[in-house]
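> Here is a sequence with its predicted model. Questions after.
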Amino acid sequence: MKPKTKVIHAGITGDATTGAVTVPIYQTSTYEQDAAGVHRGYEYSRTKNPTRAALEELIKDLENGEAGFAFASGMAAITSVMMLFNAGDHVVLTDDVYGGTFRVMTKVLNRLGLEATFVDTSDPDNVKRSIRSNTRAIYVETPTNPLLKITDLRAMSAIAREHQLLFIVDNTFSTPYWQQPLDLGADIVIHSATKYISGHSDVVAGLAVVKTKELAERLHFIQNSAGAVLGPQDAYLLIRGIRTLALRMEAHEANARAIAEYLNGHPKVKKVYYPGLSTHPGHDIAKRQAAGFGGMISFDVGSGEAADKVLARVKYFTLAESLGAVESLISIPAKMTHASIPRDRREALGITDGLIRLSIGVEDRDDLIADLEQALNG
């Protein structure tokens with residue numbers, strides 16, 4: 001199937017019992033058994049629910065994996081994947097990961113004995129230098145949040161294979177419509193499905209897809225044991241959102257390209273971060289490993305004061321955390337999504353107080369550019 005067809009027809013479609021064209025919402029916690037211990041595939045909804053199972057089958061197909069898993073949030077998905085490791089294990093991660101990922105690794109999982117080193121994974125040599133005898137995995141975001149850095153997935157896969165490490169990719173920004181990390185050598189793909197997968201700012205969810213049966217068995221055991229599963233209502237909404245994923249991602253990107261080019265030529269903008277610009281350091285790699293550059297843009301206006309003025313003046317950009325929805329959002333990562341990262345570390349990474357992050361929606365691009373124009377020049 002072509003990608004536009006796949007987002008609609010992959011996975012489990014409809015309902016064989018009634019002929020419904022959409023998967024029903026199975027709002028139930030338990031299931032009647034034919035005899036003690038003899039059930040029809042479902043016994044308790046923490047373990048398995050038909051609506052959630054349909055979503056998990058769908059994301060599995062979209063990422064070309066062995067099995068999919070739906071969690072109560074993106075952080076629940078990340079934490080559950082990290083539960084694959086033991087106390088004393090070490091993970092190498094991208095340096096400017098989402099603030100919540102940094103927080104759970106350095107404030108929660110570290111207390112349980114999981115060690116982490118954060119490096120710029122856009123340079124493979126940084127990863128090689130960080131591997132220890134107890135390293136068990138490489139974890140990357142690409143593009144990253146919020147600096148849109150690009151990591152070469154094939155290069156990371158080669159390093160992981162050489163050192164017998166798991167290779168984990170957060171694919172939230174690209175989605176499976178633009179990028180399929182498992183095909184490029186990853187073992188596990190993670191999504192904050194709250195973002196583009198949902199696309200409508202009405203769901204909090206996380207997804208993970210694994211490449212092998214062995215990983216599927218291990219992660220299902222963790223999902224069932226820890227219990228941070230997605231409810232059937234939200235699973236249904238994600239299935240619905242995925243049906244328009246192709247149309248939305250193309251609209252996000254078309255708008256983002258035009259806006260990035262506009263910002264790149266504006267005298268009050270110090271720097272623009274967007275992998276679709278030919279001047280972006282990771283442009284060529286992104287072009288090789290992904291079918292599109294996405295709808296996220298970050299740009300620096302030089303100071304927190306200047307950034308605050310832009311935020312106060314925009315009309316069509318909603319000041320809010322999160323991203324990937326049909327409406328355009330604007331934020332200051334240093335004060336919002338990445339506030340949990342210490343200030344000195346943020347500044348060293350380039351997450352300054354003047355850095356503004358845009359999640360480009362599907363509105364008319366001329367309206368969005370005009371809005372930024374008056375906000376920057378006002």
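Everything's here; your move.
> how many neighbours does residue 295 have?
31 (other C-beta atoms under 10 Å). Bear in mind the C-beta positions are built from the backbone N, C-alpha and C, glycine included.
> Can you pull the domain assignment for the chain?
3-242, 246-377 (automatic domain parsing).
> Arrange those in JSON lines, one row each, with mean pLDDT as further columns.
As requested, the domains of the chain are exported to JSON lines (pLDDT from 0 to 100):
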{"stretch": "domain 3-242", "mean pLDDT": "97"}
{"stretch": "domain 246-377", "mean pLDDT": "96"}
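> Show me where this protein has its helices.
3-9, 50-62, 74-82, 99-103, 124-130, 153-162, 175-178, 213-226, 232-242, 245-264, 283-289, 304-313, 343-349, 365-377 (DSSP state H).
> Quick check: buried residues in the longest strand seen in the chain?
Using DSSP state E, we find that the single longest strand of the chain is strand 135-141. For strand 135-141, a neighbour-count test (16 or more other C-beta atoms under 10 Å) marks 135, 136, 137, 138, 139, 140, 141 as buried.
> of those residues, closest to residue 113?
residue 136 (12.2 Å; C-beta to C-beta).
> separation between the residue nearest to that closest one when sequence neighbours are not counted and residue 373?
For residue 136, ignoring the flanking residues on the chain, the nearest one in space by C-beta to C-beta, 6 or more residues apart in numbering is residue 89 at 4.4 Å. Residue 89 is 50 Å from residue 373, where distance means C-beta to C-beta, to the nearest Å.
> Run through who's touching stretch 26-34.
Where contact means C-beta atoms under 8 Å, 6 or more residues apart in numbering, the residues beyond stretch 26-34 that reach it are 39, 40, 42, 43, 44, 45, 49, 50, 51, 232, 233.
> show me the contacts for the first one.
Contacts for residue 39 (C-beta under 8 Å, 6+ apart) come out as 31, 33.
> still on that earlier bit, near the residue nearest to residue 136, how many other residues are there?
17.
> give the contact list for it.
Applying C-beta under 8 Å, 6+ apart, the residues near residue 89 are 113, 114, 115, 134, 135, 136, 137.
> just residue 359 next, same as before
Residue 359 neighbours (C-beta under 8 Å, 6+ apart): 295, 296, 322, 323, 324, 325, 328, 329, 330.
> May I ask which of those has the most neighbours?
In those, the most neighbours by other C-beta under 10 Å go to residue 295, 31 neighbours.
> Identify the residue nearest the residue nearest the centre of the chain in space, chain neighbours excluded?
Among the residues of the chain, the one closest to the centroid is residue 172, at 1.7 Å (C-alpha atoms, centre = their mean). Nearest non-adjacent residue to residue 172, counting by C-beta to C-beta, 6+ apart: residue 192, 4.7 Å away.
> Tell me what the one you found is bridged to.
Residues in a beta bridge with residue 192, per DSSP bridges, are residue 206.
> which ones are touching it?
73, 74, 75, 77, 98, 170, 172, 205, 206.
> where does the second one sit relative to residue 112, distance-wise?
Pointing back at residue 74 there. In terms of C-beta to C-beta, residue 74 sits 20 Å off from residue 112.
> I'd assumed residue 120 was in contact with residue 126.
Yes - between residue 126 and residue 120 there is a contact at 5.2 Å, judged by C-beta atoms under 8 Å.
> circling back: let me know which of the helices of the chain is tucked in deepest.
Greatest average neighbour count among the helices of the chain goes to helix 175-178 (a mean of 27), per mean count of other C-beta atoms under 10 Å.
> Point out the other helices and strands that it packs with.
helix 50-62, helix 245-264 (3 or more C-beta pairs under 8 Å, 6 or more residues apart in numbering; DSSP states H and E).
> could you check the angle helix 365-377 makes with the longest one?
Inter-element angle recorded for helix 245-264 and helix 365-377: 40 degrees (by axes from the mean of the first three to the mean of the last three C-alpha atoms, to 10 degrees).
> ok, the nearest residue to residue 53 once chain neighbours are set aside - contacts?
Spatially, and ignoring its direct neighbours in sequence, residue 53 is nearest to residue 12 (7.2 Å; C-beta to C-beta, 6+ apart). Residue 12 makes contacts with 23, 53, 54, 57, 58, as judged by C-beta under 8 Å, 6+ apart.
> Next: residue 304.
Residue 304 makes contact with 332, 334, 335, 352, 353, 354 under the criterion C-beta under 8 Å, 6+ apart.
> any idea what sits nearest the first one, other than its immediate chain neighbours?
What sits nearest to residue 332 in space, not counting adjacent residues and going by C-beta to C-beta, 6+ apart, is residue 307, at 5.4 Å.
> Next one: the one you found relative to residue 198, how far apart?
In terms of C-beta to C-beta, residue 307 sits 27 Å off from residue 198.
> My read is that residue 352 contacts residue 334, right?
Yes - counting by C-beta under 8 Å, residue 334 is a contact partner of residue 352 at 6.5 Å.
> then stretch 305-319 to PDB, C-alphas only?
Extracted C-alpha coordinates of stretch 305-319, given in PDB (Å, rounded to 0.1, in the frame of the first residue of the first chain):
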ATOM      1  CA  GLU A 305      12.300  40.300  26.200                       C
ATOM      2  CA  ALA A 306      12.000  40.200  22.400                       C
ATOM      3  CA  ALA A 307      10.500  36.700  22.600                       C
ATOM      4  CA  ASP A 308       7.900  37.800  25.100                       C
ATOM      5  CA  LYS A 309       6.900  40.600  22.800                       C
ATOM      6  CA  VAL A 310       6.300  38.300  19.900                       C
ATOM      7  CA  LEU A 311       4.200  36.000  22.000                       C
ATOM      8  CA  ALA A 312       2.100  38.900  23.300                       C
ATOM      9  CA  ARG A 313       1.400  40.100  19.700                       C
ATOM     10  CA  VAL A 314       0.500  37.000  17.800                       C
ATOM     11  CA  LYS A 315      -3.200  36.300  17.000                       C
ATOM     12  CA  TYR A 316      -3.300  33.000  15.100                       C
ATOM     13  CA  PHE A 317      -0.600  31.200  17.100                       C
ATOM     14  CA  THR A 318      -1.900  29.900  20.500                       C
ATOM     15  CA  LEU A 319       0.500  30.200  23.400                       C
END
